[in-house]
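>>> Mind looking at a prediction? Sequence and model below.
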Amino acid sequence: MSKSERVIEREEVVIRFSGDSGDGMQLTGTLFSNTSALFGNDLSTFPDYPAEIRAPQGTVGGVSGFQVHVGHSEINTPGDYADILVAMNPAAVKANSKFVRKGGTIIIDEDNFTEKNIKKAGYESDPVKEDKLDDFNIISAPISTLVKETLKDHGLDPKTVMRTKNMFALGMVYWLFGRDLEYTDDYFKGKFSKRPKIIEANSAVLHAGFNYAETIDAMSPVYKVSPASIEKGLYRTIDGNTATSWGLLAAAEKSGLDLFIGSYPITPASGILESLAARKNLGVKSFQAEDEIAGICTAIGASFAGDLAVTTTSGPGLALKSEAAGLAVMTELPLVIVNVQRGGPSTGLPTKTEQSDLLQALYGRNGESPMVVIAASTPSDCFDYAFQAARIALEHMVPVILLTDGFLANGSEPWKIPSVKDLPAIKAPLVKEGEDEFIPYERDEKTLARKWAVPGVKGREHRIGGLEKTVKGTVSYIPENHENMVNMRAEKVARVVSKVPDQKIYGDEEGDLLLIGWGGTYGHLLTAVRELRDKGKKVSLAHFNYINPLPANTGKILSSFKKIVVAELNAGQFVKYLRMEFEDFKFYQINKIQGLPFTCADIEDECIKILEE
Amino acid sequence: MNQETVEYSPKDFKSDQEVRWCPGCGDHAVLSAVTRALAELKIPKEQFAFISGIGCSSRFPYYLDTFGFHSIHGRASAIASGVKVANPDLSVWQITGDGDSMAIGGNHFIHAIRRNIDINIILFNNEIYGLTKGQYSPTSQKGAVTKTSPFGTVEEPFNPGELVIGAKGKFFARTIDTNVKLSTEIYKMAALHEGTSVVETLQNCVIFNDGVHKLLSDRETRDDYTIVLRQGEPMIFGKDNDKGLVLDGLKLKVVKLGNGISEKDILVHDAQENNPGVHLMLANMKNPGFPVALGVIRSVAAPTYDMALNGQITKVKKETKIKNVDDLIRTGSTWESQ
């Protein structure tokens, strides 16, 4: 059978690259994704890697994976199960075979399947037998040997030679998909511009892998995934952390303010600090602080001085910032706190995704300290919600918490590049110089926002601070004043609802079951609801981005469905919040706390069970 | 810094707030010295930002008619750093105490100094927690009996000057609340120094640690128990100006003038010497045996963080092809979908 006869035309295919954390699987996956994006596929990626930079070689704990879902049609998730698994060693098979679709293809580097490595991965003898992989299409290639052979005349040391073997595997996968090698060759040229030998070696191995796959011609099936018909325009792929950074930069440009970021490195949020530190060309003042507390406090200082101020962190870091977050609430200064959620409590699962900081974001401060909380739901819409977080902070003079998560931060998808001119204007209530008395806590009638008088503006000298104050800024212990100020601050947050669009529903406006989600689970929930609707179920999806305040029509939506199910990657935090806000409804819940995204299949099954109850 | 000069009197810097420190508290004198220094600096009033943490001294910003921020415990160094980086034109001051900066805020304090951010830190040292009513602080002398150390403390105190120099500090001075003239002079020098300036201000807490600096402040004893260091002048002290400091090997030694020892044998103060060796010994001098050093102990020119950062921004901005967000989001691999 020739290749053309074995071509399977598919709407979508899921590929998972896996190997030791030093095997370069993240790069391999990224290069495949970018090549597919340039080809015109829609896609969604899911890097799944250990916290240890180099865990013991050959162990399951050290396996690093990168899953990418490419499609001719719209792709919303990285896929539940892989059609093709690349496994560079036995541990990669052990860690990932359960994520491969029955009958899928597994490409292995047979040179690494030594007795020692097989034992190290926790197998007795034969991984294929032990994991019952007989029904799978196993392509066993002596990758290490072939790489050595390919580079034998390149004059490189053995270690450097072995570092290129991921490119052999990538070359094989490119052949399976009939993809062009040009993008990857160009990448080598850019990345190793000062090391021509490395460019040649990587390119040689990539092409060798491609040619090897063609030569053995034993691989089946071969996939054809045509370009997706997505909306006309200019596109790029983008991950959540980059999109967050760029959304903040866009807000700075729209508001005419400088962007200040005060942060302390923490997984998986560091990417935002790194991305903004590289943007000195756009005037970003990036401050790598001595700790999480200094991160937020420098940002509060910069906000006091008139910058668009941001601090970024992940769960444990948000806990450390909570006292200072309360100071921002009390002093009514604009501030964006980005929390890229990860598995908790404590250090928890630093590289795994979870949605378990919601209640911390809503309530994790002393005193009556309400805060605006919003959540992004796809890697690319991190741009929109970061922009919106900054816009709300500046126009309403409040701190805003933006929740993303590890899945969004590291995952990527195509993004239709917007024009900054199409984004809404941002107008901060800055005060000009003047002789009339400046009253620090005098409020705008509509929003209740106070005015922002920054040091350097003549005649506007005033004092703010963490102690309760009167409208004039005088420290006050008067009981009625405290109660009034507490109420004002709460009402101010409540009035942010004027910037919150009505909650949209995917599906019909009423029906048997409303699936509710928030944040990074959007793609999975949407796909599950589509499948359920295709099966004729009267199911709709309401996926929330605005947590506090909730959209004004939330109550109305809830009353239009017979059953309400809240699905989230925690033990039930949003559902608790909804129960508190809407006492009259019964909420079912679907929860997963494994540090992993939902699978669409799980959601479908659970919804069907609840429908049949 | 803004070049415009303006004439002020100290009272122009007093706010309308009632000062609530205890009668007799050393803080009143510090406030007076600061308002004098501010008036003498002739900088437009709106350019001053005073940032404080928590503690009695941290109420300071309320009593000044400048921009002020009374923040949270220990964090003033970090907040002041943010203010200065956001707007390097401002004259940024941090008001802190020995609990605020040496205990809960120790980390921010040393890192602000290490970075050499151009802020002026006035560290009120009364060796006690006043606002929480009498617990020992990280500068309380070993053995101090306080509410939380009824049998005496068993821990070694910090010497702020030693800590500042250890943190690569470029400016450290010491003054005492009772000497308003000296304090005014030093605060002004701290303001004019570019980089982090720390002025330890020995301050008396009349309620919980009264008389802690008595020997250094009383008319009868102060000249023998302190030495005021001045740039380029020999280190001579004593009621009769009859004592001096010399280097004996690698150590400082107090000598009596006369009997073959003359002024030219005495060590001459050089605050601008980059090597901190002598500065460290001067900062560490204590009674009995040595006079406590007052004045500017160390003042070394060095690049500041805020200027370096803004310089980097200016340079990168000039060289870049990316001029705005539209440029940025179109860099790298993009494709047109038809």
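Received, thanks. Numbering: from 1, shown residues only, chains lettered A, B, ... in the order given.
>>> contacts, neighbours, all on C-alpha from now
Fine.
>>> How about residues contacting the helix or strand encompassing B:I113?
Per DSSP states H and E, B:I113 falls inside helix B:106-115. Residues outside helix B:106-115 that contact it (C-alpha atoms under 8 Å, 6 or more residues apart in numbering or on different chains): A:290, A:294, B:74-75, B:77-78, B:81, B:100-102, B:163-164, B:167-170, B:196, B:304-305.
>>> how does it look with 6 Å?
Contacts to helix B:106-115, defined as C-alpha atoms under 6 Å, 6 or more residues apart in numbering or on different chains, come from residues B:77-78, B:101, B:167-169, B:196, B:305.
>>> Out of those, which two sit at the greatest distance?
Spatially, the most separated pair among the contacts of helix B:106-115 is B:S101 and B:Y305, at 20.1 Å (C-alpha to C-alpha).
>>> Looking at those two, which is more packed in?
The neighbour count for B:S101 versus B:Y305, taken as other C-alpha atoms under 10 Å in any protein chain shown, is higher for B:S101 (28 against 22).
>>> Could you give the secondary structure assignment for that one?
Under DSSP: H, G, I helix; E, B strand; the rest coil, B:S101 falls in the helix class.
>>> Could you tell me which residues make contact with it?
Shown in contact with B:S101 (C-alpha under 6 Å, 6+ apart): B:74, B:109.
>>> so what's it scoring on pLDDT?
What the model reports for B:S101 is a pLDDT of 97.
>>> how far is stretch A:226-241 from where the chain is centred?
Stretch A:226-241 sits 17 Å away from the centroid of its parent chain (C-alpha atoms, centre = their mean, to the nearest Å).
>>> before we move on, what about stretch B:124-132?
16 Å.
>>> Residues touching it, excluding its own?
The contact list for stretch B:124-132, computed with C-alpha under 6 Å, 6+ apart, reads B:55-56, B:97-98, B:135-137, B:139-140, B:201-204.
>>> May I have it as PDB, with CA atoms only?
This file holds the C-alpha atoms of stretch B:124-132, laid out as PDB (Å, rounded to 0.1, in the frame of the first residue of the first chain):
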ATOM      1  CA  PHE B 124      14.100  56.100  64.500                       C
ATOM      2  CA  ASN B 125      16.000  53.900  67.000                       C
ATOM      3  CA  ASN B 126      14.600  53.800  70.500                       C
ATOM      4  CA  GLU B 127      15.400  50.200  71.100                       C
ATOM      5  CA  ILE B 128      11.900  49.300  72.100                       C
ATOM      6  CA  TYR B 129       8.400  48.700  70.600                       C
ATOM      7  CA  GLY B 130       6.400  51.800  71.600                       C
ATOM      8  CA  LEU B 131       3.100  51.500  69.700                       C
ATOM      9  CA  THR B 132       2.500  48.000  71.000                       C
END
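>>> Which positions in that stretch come out as buried?
Neighbour counts using 16 or more other C-alpha atoms under 10 Å in any protein chain shown place B:124-130 of stretch B:124-132 among the buried residues.
>>> Restricted to strands, list the residues you listed.
With strands defined by DSSP state E, the entries of the buried residues of stretch B:124-132 inside them are B:124-125.
>>> could I get the buried residues of stretch B:124-132 as TSV with pLDDT and distance to A:S380?
Shown next, in TSV, are those (pLDDT from 0 to 100; distance: C-alpha to C-alpha, whole Å):
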residue	pLDDT	distance to A:S380
B:F124	98	50
B:N125	97	52
B:N126	96	55
B:E127	96	54
B:I128	95	53
B:Y129	95	51
B:G130	92	52
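>>> Which one of the buried residues of stretch B:124-132 is nearest to chain A?
Ranked by distance to chain A (C-alpha to the nearest C-alpha), the buried residues of stretch B:124-132 are led by B:G130 at 17.7 Å.
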